[in-house]
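Student: sequence? don't have it. structure:
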């Protein structure tokens, strides 16, 4: 009898096949960002229904960054110690809670709270999913796992905005349809994650990993300083595309179209995802320079479109800005990370994401306040002009590094 109990206790936990686990992880990872992207045009619908001011619209967009950063800095490394599966299951349960909050929200206050919860879920899930996709990928497909981890975010954001815009165009119950479907997808994803094989062994230091770590080793500081302004610029432009561009479709360009609202949030992240893949083999210094110039041209295109009242020109500017994002953000990681030791890279990545999400959140709240006094056109022009200035600062930094010979392309220290 004792032997029977022992056999039962040690019976292997049922797991899904590796290919199913890998595909499900990729779909679920993308779906959590679909929910984030879907809110881009839905915020415009909420404002029409509930009549809140522009300041609350930009706040509802930006508070996501608070939750994301808080979770990323505290929970980002937890899965290295307790395993991928527990962290992912916990994060997905929190994601389901945020979807339900949007589904039943009676007012903008619930949406703002839901955005914070959503940010926490995705800040906890992103690093664990990115690692798990590589680890679950078949031996010959590890590069595919890394690619899916890198483009899942922007692909989900763009597709979510476009799909939500289409749903708004064709149905009166877009919010209910979108978040019901996404909740079901996330529940199914959670079940499959629970049945997926664990890819890392438990390791000590789980509690210590909860302490936020931001570190910039001396060797990486010049490269980080040269990249940080354009990182801020491209994330500010991302905030503009997600936080203000959809509402500008009606207020500036005088179109009443959910599909156009969704397209305004789709163009930049979709372009960024494609360019991020296309530039994977481009020399990082060259990619960074191209990205800086593209962010400048994109911002000027947005300014020109807004001032001329041309939606086509603004969309073109967003696309070029997306090119700038895809090229320069990937290049920044490739230039900075090799200068840090293996035990320093997590802290460097945290520093990069702090710059990114502060730039995503804080400036868009400020511009939301400025729309009340300056008007939306003037506020967007000044906001976009600030990104141009930041990009030029980064361009000067890149030129300085090249002239001093501190770094040469390819992400390796000069010799």
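Tutor: Thanks, I have it. Quick caveat, the model's predicted, so the values are computed rather than measured. Numbering: from 1, shown residues only.
Student: what segments of the stretch 301-415 of the chain are helices?
Tutor: Shown for the stretch 301-415 of the chain, the helices assigned by DSSP state H, counting those that start in this stretch span residues 311-336, 345-374, 376-404.
Student: no no, the stretch 1-150 of the chain
Tutor: Using DSSP H, counting those that start in this stretch, helices in the stretch 1-150 of the chain cover 2-9, 18-50, 54-75, 79-82, 84-104, 108-136, 142-170.
Student: so if we follow the domain assignment, how does this protein break up?
Tutor: Following automatic domain parsing, the chain resolves into domains at 16-201, 213-415.
Student: out of these, which is closest to residue 207?
Tutor: For residue 207, the closest of the domains of the chain is domain 16-201, at 8.7 Å, according to Cβ to Cβ. In this view, the C-beta of every residue, glycine as well, is placed from N, C-alpha and C.
Student: chain center to that closest one, what's the gap?
Tutor: Counting by Cα atoms, centre = their mean, to the nearest Å, domain 16-201 is centred 10 Å from the centre of its parent chain.
Student: could you do stretch 256-272 as well?
Tutor: 16 Å.
Student: can you start the count at 41 instead of 1 from here on
Tutor: Will do, 41 is the new start, and the previous item becomes stretch 296-312.
Student: list the buried ones in that stretch?
Tutor: Residues 297-312 are the ones in stretch 296-312 that count as buried (16 or more other Cβ atoms under 10 Å).
Student: mind checking how far the nearest residue to residue 150 once chain neighbours are set aside is from residue 84?
Tutor: Nearest residue to residue 150 in three dimensions, chain neighbours excluded: residue 141, at 5.7 Å (Cβ to Cβ, 6 or more residues apart in numbering). Plainly put, residue 141 is 19 Å away from residue 84 if you go by Cβ to Cβ, to the nearest Å.
Student: now swap in residue 254 and tell me
Tutor: 35 Å.
Student: looking at those two, which has the bigger crowd around it?
Tutor: residue 84 (24 against 14; other Cβ atoms under 10 Å).
Student: test my guess that residue 334 contacts residue 360.
Tutor: Yes - at 5.4 Å, residue 334 counts as touching residue 360 under the criterion of Cβ atoms under 8 Å.
Student: hey, which of the helices of the stretch 341-455 of the chain is tucked in deepest?
Tutor: The highest mean neighbour count among those, using mean count of other Cβ atoms under 10 Å, belongs to helix 351-376: a mean of 25.
Student: same for that helix, what does it pack against?
Tutor: Using 3 or more Cβ pairs under 8 Å, 6 or more residues apart in numbering; DSSP states H and E as the contact test, the elements touching helix 351-376 are helix 258-283, helix 285-291, helix 298-318, helix 324-348, helix 385-414.
Student: tell me the angle the longest one makes with helix 351-376.
Tutor: Helix 385-414 runs at 150 degrees relative to helix 351-376, counting by axes from the mean of the first three to the mean of the last three Cα atoms, to 10 degrees.
Student: hang on, residue 287 packs against residue 84?
Tutor: Yes - with contact defined as Cβ under 8 Å, residue 287 and residue 84 form a contacting pair (5.2 Å).
Student: now do the shared contacts for these two.
Tutor: Taking Cβ atoms under 8 Å, 6 or more residues apart in numbering as the criterion, residue 287 and residue 84 both touch 97, 301.
Student: could you dump the domains of the chain to CSV with distance to residue 247 and mean pLDDT?
Tutor: Putting those into CSV (distance: least, Cβ to Cβ, whole Å; pLDDT from 0 to 100) gives the following:
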stretch, distance to residue 247, mean pLDDT
domain 56-241, 9, 91
domain 253-455, 13, 89
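Student: so which bits of stretch 238-253 are buried?
Tutor: Judged by neighbour count using 16+ other Cβ under 10 Å, the buried positions of stretch 238-253 are 239, 240, 249, 253.
Student: nearest to residue 176 among those?
Tutor: residue 239 (6.2 Å).
Student: how many neighbours does the nearest residue to the closest one once chain neighbours are set aside have?
Tutor: Once flanking residues are discounted, residue 239 sits nearest to residue 175: 3.7 Å by Cβ to Cβ, 6+ apart. Using other Cβ under 10 Å, residue 175 is surrounded by 17 other residues.
Student: same question for residue 213.
Tutor: By other Cβ under 10 Å, the residues close to residue 213 number 10.
Student: contacting residues for it?
Tutor: Contacts here follow Cβ under 8 Å, 6+ apart; on that basis residue 213 touches nothing.
Student: circling back to that earlier point, and the buried residues of stretch 238-253, which is closest to residue 413?
Tutor: residue 253 (39.8 Å).
Student: where does the closest one land in three-state SS?
Tutor: coil (DSSP: H, G, I helix; E, B strand; the rest coil).
Student: that one and residue 387 touch, don't they?
Tutor: Yes - if you go by Cβ under 8 Å, residue 253 and residue 387 touch, sitting 4.5 Å apart.
Student: settle this for me: residue 351 is touching residue 289, isn't it.
Tutor: Yes - if you go by Cβ under 8 Å, residue 351 and residue 289 touch, sitting 7.2 Å apart.
Student: overlap in contacts of these two?
Tutor: With Cβ under 8 Å, 6+ apart as the test, residue 351 and residue 289 both reach 295, 300.
Student: switch the helices of the stretch 341-455 of the chain over to JSON lines; also include distance to residue 191.
Tutor: Converted to JSON lines, these look like this (distance: least, Cβ to Cβ, whole Å):
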{"stretch": "helix 351-376", "distance to residue 191": "9"}
{"stretch": "helix 385-414", "distance to residue 191": "16"}
{"stretch": "helix 416-444", "distance to residue 191": "23"}
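Student: mind listing what the residue at minimal distance from the centre of the chain touches?
Tutor: Nearest residue to the geometric centre of the chain (Cα atoms, centre = their mean): residue 193, 5.2 Å. Residues near residue 193 by Cβ under 8 Å, 6+ apart: 73, 166.
Student: distance of it from residue 340?
Tutor: Residue 193 is 26 Å from residue 340, by Cβ to Cβ.
Student: can you give me every residue that contacts residue 128?
Tutor: 119, 165, 168, 169, 172, 233.
Student: residues near the second one, how many?
Tutor: Number of residues near residue 165 (other Cβ under 10 Å) recorded here: 29.
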